[in-house]
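1. Give me a 3D structure for the following:
(one chain, ligands or ions: 1)
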Amino acid sequence: MTFKELGLAEPILKALEAEGYTHPTPIQEQSIPILLKGKDLLGVAQTGTGKTAAFGIPILHQLYEGISLRQTKRKIKALIVTPTRELAIQISESLTAYGKHTGLRNTVIFGGVKQGKQVNALKGGVDILVATPGRLLDLMNQGFISFRDLEHVVLDEADQMLDMGFIHDIKKIIAKLPPKRQSLFFSATMPKDIVELSRKMLGDFERVTIKPEQATAEKVEQGVYFVSKANKPKLLIHLIEEKPDNTLIVFSRTKHGANKIVKKLDQAGIRAAAIHGNKSQTARQKALSSFKDGSLKVLVATDIAARGIDVEDLSLVVNYDLPNVSETYVHRIGRTGRANASGIAISFCDKEERAYLRDIEKLIKQSVPRMPEHQFTDGDADDIQEEKPAQRPRNNNRNKNRNRPGGNNFRGKNNRNTSKKNSNRNASRKND
Ligand code: AMP
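-> Next up, the predicted model:
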């Protein structure tokens, strides 16, 4: 299947060719025909699958085809709502690239910066608006945004929206949408709350599922080192020094942890920058652009901040901390091995994180290969394979998580991590 066979308009085909896209990815191949028919879509897919083009291309195509019907002043015809500013900027850049010969204009709005420029862009007229939820609501309430001419709406990374505490904002936005519209809903995972939310938004829809296992199993080479907490910095420094040309993202569970890693690397003479919700928008953009242009080789990121990172030549992802939510592992390693590339993801697992590793392996339905013994490793790597599943309570998730150090339980009222998560959530919300 080629893009041409999908029946796309010539200016879009030309732009895709310039981008070097020869064939649609599976999500594009499945979603584009559904969307060109005007149907709603539920896309269960993670980032890294080509999701942005899967919704961006058919929207551009439909708007381009209807271009002669448009009044002189541009009106917002398509809205894309996404959780982080990085992701928003990236989607906007992709739309600009795919739509560069169509004459369609998009703009992006997000929080954490003054609204003046964004308001001016809106006043100048746009066809497609890419937005994070907080700023969108804000500018809607101030009367700068009208949904009257809206034809297409995308809710991107819905599970992440929920995780960041945007659910109420999203419900308010959905309530304001015109009834006659094409709706697209994307989420990497489909827990109950997300299914409910998708029902609220979608009409007559078709579902496309791109399983995360495909990304991990087929594209990304994985490995795990068993290493004590104290030795993690040394192992990281060793890995970086071994291959100084590698471009890598190091994932940290917390913002504080990310800063500490940068400091340790700095002490070892390795230049790195952290991106997370407490960094200013300018600092994040600066770090990201030096990383993209190759002048900065090591980026240390928290999960939320990293959502929007799309770097073509990423050699390595390091899970400095293993995530306590297994799906996050899939998101993280999806940063490498994007679209047609292959990638490597290395995880550091200390004793307290072994339960997380087991959960991850259950989710991805494969065991993460053990890396060879190493001067900094724990040396008791076999423990994990010998431990019998029966040793852990297996009847329900709540008990399972309660037994874990730092276990994440979304429902537990008094759970230490829930409150921590909430405070992170508030921090992210504040930054939007
Ligand atoms: P996404 O899942 O939208 O974040 O896309 C992941 C990466 O794949 C981005 O770097 C895109 O530029 C790239 N990409 C998307 N579609 C294609 C395609 N059909 N061929 C090659 N690369 C693609």
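
2. how about the residue in the stretch 51-200 of the chain positioned nearest to the ligand, what does it touch?
-> Closest approach between the stretch 51-200 of the chain and the ligand, counting by C-beta to the nearest ligand atom: residue 52, at 3.2 Å. Using the backbone N, CA and C atoms, a C-beta is placed for each residue, glycine as well. Counting by C-beta atoms under 8 Å, 6 or more residues apart in numbering, residue 52 touches 90, 91, 94.

3. which stretches of the chain form strands?
-> In the chain, the segments counted as strands under DSSP state E are 40-44, 78-81, 106-109, 128-131, 152-155, 182-187, 205-209, 220-226, 248-251, 272-275, 298-301, 316-319, 343-349.

4. would a markdown table of these with mean pLDDT, mean neighbour count and distance to the ligand be doable?
-> Listed next are the strands of the chain as a markdown table, based on pLDDT from 0 to 100; neighbours: other C-beta atoms under 10 Å; distance: least, C-beta to the nearest ligand atom, whole Å:
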| stretch | mean pLDDT | mean neighbour count | distance to the ligand |
| --- | --- | --- | --- |
| strand 40-44 | 96 | 23 | 11 |
| strand 78-81 | 98 | 24 | 12 |
| strand 106-109 | 98 | 24 | 15 |
| strand 128-131 | 98 | 27 | 13 |
| strand 152-155 | 98 | 23 | 12 |
| strand 182-187 | 97 | 24 | 10 |
| strand 205-209 | 96 | 17 | 13 |
| strand 220-226 | 91 | 21 | 13 |
| strand 248-251 | 93 | 26 | 14 |
| strand 272-275 | 92 | 24 | 17 |
| strand 298-301 | 94 | 26 | 15 |
| strand 316-319 | 92 | 25 | 14 |
| strand 343-349 | 91 | 23 | 12 |
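
5. Turn those strands into JSON lines, including distance to residue 116.
-> Shown next, in JSON lines, are those (distance: least, C-beta to C-beta, whole Å):
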{"stretch": "strand 40-44", "distance to residue 116": "34"}
{"stretch": "strand 78-81", "distance to residue 116": "21"}
{"stretch": "strand 106-109", "distance to residue 116": "11"}
{"stretch": "strand 128-131", "distance to residue 116": "16"}
{"stretch": "strand 152-155", "distance to residue 116": "26"}
{"stretch": "strand 182-187", "distance to residue 116": "30"}
{"stretch": "strand 205-209", "distance to residue 116": "38"}
{"stretch": "strand 220-226", "distance to residue 116": "42"}
{"stretch": "strand 248-251", "distance to residue 116": "33"}
{"stretch": "strand 272-275", "distance to residue 116": "25"}
{"stretch": "strand 298-301", "distance to residue 116": "29"}
{"stretch": "strand 316-319", "distance to residue 116": "37"}
{"stretch": "strand 343-349", "distance to residue 116": "40"}
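
6. looking at those, which is closest to residue 33?
-> Nearest to residue 33, of all these, is strand 205-209, at 9.6 Å by C-beta to C-beta.

7. elements contacting the closest one?
-> Secondary-structure packing of strand 205-209 (3 or more C-beta pairs under 8 Å, 6 or more residues apart in numbering; DSSP states H and E): helix 26-36, strand 40-44.

8. what do you get if the cut-off is 10 Å, keeping everything else the same?
-> helix 26-36, strand 40-44, strand 182-187, helix 192-201 (3 or more C-beta pairs under 10 Å, 6 or more residues apart in numbering; DSSP states H and E).

9. quick one: the residue of the stretch 51-200 of the chain closest to the ligand from residue 305, how far?
-> Taking C-beta to C-beta, to the nearest Å as the measure, residue 52 falls 18 Å from residue 305.

10. show me the contacts for residue 268.
-> 233, 234, 236, 237, 238, 240, 241 (C-beta atoms under 10 Å, 6 or more residues apart in numbering).

11. and the residue lying closest to residue 2 once chain neighbours are set aside, how many neighbours does it have?
-> Counting by C-beta to C-beta, 6 or more residues apart in numbering, residue 2 lies nearest to residue 23, which is 6.2 Å off, once chain neighbours are set aside. Residue neighbour count, defined by other C-beta atoms under 10 Å, stands at 12 for residue 23.

12. Just to check, residue 23 is in contact with residue 17?
-> No. Using C-beta atoms under 10 Å, residue 23 makes no contact with residue 17, being 11.7 Å away.

13. Find residues that contact each of the two.
-> With C-beta under 10 Å, 6+ apart as the test, residue 23 and residue 17 both reach residue 3.

14. domain ranges for the chain?
-> By the assignment in automatic domain parsing, the chain contains the domains 4-210, 214-395.

15. weakest of the ones you listed by average pLDDT?
-> Lowest mean pLDDT of these: domain 214-395, a mean of 80.

16. gap between that domain and the chain center?
-> Distance of domain 214-395 from the chain centroid (C-alpha atoms, centre = their mean, to the nearest Å) equals 15 Å.

17. for the residue lying farthest from the centre of the chain, what are its contacts?
-> The centre of the chain is farthest from one residue, residue 72, which by C-alpha atoms, centre = their mean lies 35.8 Å away. The contact partners of residue 72, taken as C-beta under 10 Å, 6+ apart, are residue 125.
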